[in-house]
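S.K.: Generate a structure from the sequence data that follows.
(chains A and B)
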There are 2 protein chains.
Amino acid sequence: MGRWQPGARGRLGQAAMELYVERGYDQTTVAEIAQRAGLTSRTFFRHFADKREVLFAGTDAVQDRLVTALDAVPADTAPLGVVRAALVAVAEAVGDDHDHSRRRQQVISTNAELRERELVKLAAWSRALADGLRRRGADEHAASIAAEVGVAVFRVAFERWATGPGDRHLTDVVRDSFEQLPTA
Amino acid sequence: MGRWQPGARGRLGQAAMELYVERGYDQTTVAEIAQRAGLTSRTFFRHFADKREVLFAGTDAVQDRLVTALDAVPADTAPLGVVRAALVAVAEAVGDDHDHSRRRQQVISTNAELRERELVKLAAWSRALADGLRRRGADEHAASIAAEVGVAVFRVAFERWATGPGDRHLTDVVRDSFEQLPTA
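M.R.: Alright, predicted model coming up:
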C-alpha cells in the first residue's frame, strides 16, 4: 500500500512491519513496535487502533481512488471494462513498493485473522465498485458480477505480484490477469 | 445448506435458525437454542462448537462435493468451464431449500463476524478448486483466476437467489450468472 510516510506514523508502520517479519505478527506487541520506532505506546494509539490496523492503513484512501477512477471511465464502457480500469488505477497507486507489499503479504498469509481482515477489505472494494456501476446505470446483477469478478482477478494478480520477484509493475500483472478471463 | 436432518442435531439447527431470525443472532444464547429444541446445552456442544457453527454445518461436505464434481469434469474442459460445472453441482446440492437459505442469508447479512466466516468458507472453496485444477494440469495462475472468478460468480448468484422469491432453482441462477461473464 505504498511506502510509509515520514514522521511518527511512518516510523511506527516501518517498525511494525520489521517486527512482524522478524518475530511473527502474534509475537509482536504494540509496546515493542513503539520502542523500535523510538516512540511511546500512547503515540502508537494516536495513529492506529491496534497492531492489526497498521497493515490496513491507507485502505480507505485506496477505496476512494477506486471510486474516483471508476467515475472517470467513459460512459459507454461495459461493466467489467469499467471495473478493470478502476483496478488498474488502484494498481498504479499501490504497486510502487514491491518490497513493502511482499512483506505485508507474507505477514498476512501466516495469520487467519489477518487473512479475514484482508477478505473484508476486498469485499468492501467490491461493494464500492458495484455501487459505482449501478450509479452509472448498470443492471443490478451485472454490476455485482462484474465487481466481484474484477476484485477476484485483482486479488490473484496482486498475490502473484507480491509473492513474485517484482520484476514487473503490478499494473502489467493486473492487465495480464484480466486477459486470462474467458473464453470459457 | 439443505434441510436439517431429523434427530438432536437437526432439532438444534432448526431451533437456532428460528431464534436467530426472531431475536437476532447476537441476542440468542446456546442455552436458549437447546431449550427451544427440548435438549440440554451439553447436547448442543456435542454437535456444534458454538452458535456460529450451526450456520456453517455441512460446509465440509459441500466442499467435498465440489472437489468430487470437479474431478468428474471431462479432461479437455477449460479451467473456468471446470469450475462452473463443479459449482453447478454444488448448487444442485444446496439449492433444494430456498426458505432455509433465505433465512440463513438474512441472519448472516446482519452480523459482521458471520459475514467474515462466510468469506472464509468461500475462500476455502476457491483454494480447493484451484488445487483441483492444478492436479488436472492447469497452469498455476490460470487455475487461481478461474477458481476465484467462479466462486465470485457463484456468490453473487447465491445471494441473488437466496434473497429473491425462490421461483427458480439455484442451478439456473448460477448458470445464468456465468453467462453474464464477459465479453468485456
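S.K.: Helix or strand for residue A:129, just tell me which one.
M.R.: Assigned by DSSP states H and E, residue A:129 belongs to helix A:112-135.
S.K.: Repeat that for residue A:39.
M.R.: Under the assignment here (DSSP H and E), residue A:39 is part of no helix and no strand.
S.K.: average pLDDT for the helix holding residue A:129?
M.R.: On average, the pLDDT along helix A:112-135 is 92.
S.K.: What mean pLDDT does the following helix or strand past that helix get?
M.R.: Using DSSP H and E, the helix or strand that follows helix A:112-135 towards the C-terminus is helix A:140-163. Taken as a whole, helix A:140-163 carries a mean pLDDT of 94.
S.K.: which helices and strands does helix A:140-163 pack with?
M.R.: Applying 3 or more CB pairs under 8 Å, 6 or more residues apart in numbering or on different chains; DSSP states H and E, one finds that helix A:140-163 contacts helix A:79-94, helix A:98-109, helix A:112-135, helix A:170-179, helix B:140-163. Glycine gets a C-beta too; all of them are placed from N, C-alpha and C.
S.K.: With respect to burial, which of the ones you listed scores highest?
M.R.: For those, ranked by mean neighbour count under the definition mean count of other CB atoms under 10 Å in any protein chain shown, the leader is helix B:140-163 at a mean of 24.
S.K.: Run the chain-centre distance for that helix.
M.R.: Once both centres are worked out by CA atoms, centre = their mean, to the nearest Å, helix B:140-163 turns out to sit 12 Å from its chain's centre.
S.K.: Run the angle between it and helix B:98-109 for me.
M.R.: With axes from the mean of the first three to the mean of the last three CA atoms, to 10 degrees as the basis, helix B:140-163 and helix B:98-109 are set at 110 degrees to each other.
S.K.: now for the helices and strands packed on helix A:140-163, which one comes closest to residue B:126?
M.R.: Nearest to residue B:126 among those is helix B:140-163 (4.5 Å), distances taken as CB to CB.
S.K.: quick one: that closest one to helix A:170-179, angle?
M.R.: 70 degrees.
S.K.: average pLDDT across stretch A:49-61?
M.R.: Averaging pLDDT along stretch A:49-61 gives 92.
S.K.: pLDDT score for the nearest residue to residue A:33 once chain neighbours are set aside?
M.R.: When the adjacent residues along the chain are set aside, residue A:33 lies closest to residue A:16, with 4.6 Å between them (CB to CB, 6 or more residues apart in numbering or on different chains). Residue A:16 carries a pLDDT score of 96 in this model.
S.K.: so where does residue A:16 fall, helix or strand?
M.R.: Here residue A:16 is covered by helix A:8-23, with elements defined by DSSP H and E.
S.K.: Outside of stretch A:173-184 itself, list whatever touches it.
M.R.: Here stretch A:173-184 makes contact (CB atoms under 8 Å, 6 or more residues apart in numbering or on different chains) with A:80, A:84, A:87-88, A:91, A:149-150, A:153-154, A:156-158, A:160-161, B:78, B:80-81, B:84, B:141-142, B:145, B:149, B:178, B:181-182, B:184.
S.K.: what helices or strands is the helix holding residue A:129 leaning on?
M.R.: Here helix A:112-135 is seen to pack against helix A:59-71, helix A:79-94, helix A:98-109, helix A:140-163, helix B:112-135 when contacts are counted using 3+ CB pairs under 8 Å, 6+ apart.
S.K.: let's see it at 10 Å
M.R.: Based on contacts counted as 3 or more CB pairs under 10 Å, 6 or more residues apart in numbering or on different chains; DSSP states H and E, the elements that helix A:112-135 packs against are helix A:59-71, helix A:79-94, helix A:98-109, helix A:140-163, helix B:112-135, helix B:140-163.
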